[in-house]
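> How does the following fold in three dimensions:
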Amino acid sequence: QVQLVESGGGLVQAGGSLRLSCAASGRTFNIYKMGWYRQAPGKEREFVAVIGWSGGNTDYANSVKGRFTISRDNAKRTVYLQMNSLKPEDTAIYYCNVAHYGGLNDWGQGTQVTVSS
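Below you'll find the model as predicted:
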């Protein structure tokens, strides 16, 4: 099992930026990829971005392409989500996800991002 600690959420005006961090500890040797999901009030959790842990390949939801950038620091076992040009519709709880080889997943506790108009 991997423990995930997220940070960096907060309140920002539309057009502003935030940087989320997710630090992993525990059984990190089996990580396949790390990513971010979000859940807005009354909506289902949705995919935001993902990065391969070894190769670094990335993928993004269409709604955030060109505005968000996911990156990782393998030495620190940390993944980041740089969010620029934020919109009110980006308001949600953002969850860090770790996918392991073999199909298991771990989730962080979530960090609130609120974008005011």
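
> Spatially central residue in this structure, please.
Centroid check for the chain by Cα atoms, centre = their mean gives Trp36 as the closest residue, at 2.6 Å.

> Touching, that residue and Ala49? I think so.
Yes - the criterion here is Cβ atoms under 8 Å, and Trp36 meets it with Ala49 at 5.2 Å. All C-beta spots, glycine's among them, are computed from the backbone N, C-alpha and C.

> Which parts of this protein are strands?
2-7, 10-13, 18-26, 31-39, 46-52, 58-60, 68-73, 78-83, 92-100, 105-107, 111-116 (DSSP state E).

> Partner strands of the first one and their direction?
Each strand pairing with strand 2-7, determined using DSSP bridges, is listed with its direction: strand 18-26 (antiparallel).

> The strand it pairs with: which residues count as buried?
18, 20-24 (16 or more other Cβ atoms under 10 Å).

> pLDDT averaged over it, what's the number?
Across strand 18-26, pLDDT averages out at 96.

> try stretch 84-91
Mean predicted confidence for stretch 84-91 is 98.

> Quote the end-to-end distance of that stretch.
Stretch 84-91 has its terminal residues 13 Å apart, counting by Cα to Cα, to the nearest Å.

> residues shared between the contacts of Trp36 and Ala49?
Common neighbours of Trp36 and Ala49 (criterion: Cβ atoms under 8 Å, 6 or more residues apart in numbering): 70, 81.

> Thr58 touches Ala49, doesn't it?
Yes - using Cβ under 8 Å, Thr58 is in contact with Ala49, at 6.8 Å.

> Tell me which of those two has more neighbours.
Ala49 (23 against 15; other Cβ atoms under 10 Å).

> follow-up on the earlier one: need the overlap of contacts for Thr58 and Ala49.
Residues touching both Thr58 and Ala49 (Cβ under 8 Å, 6+ apart) are Ile70.
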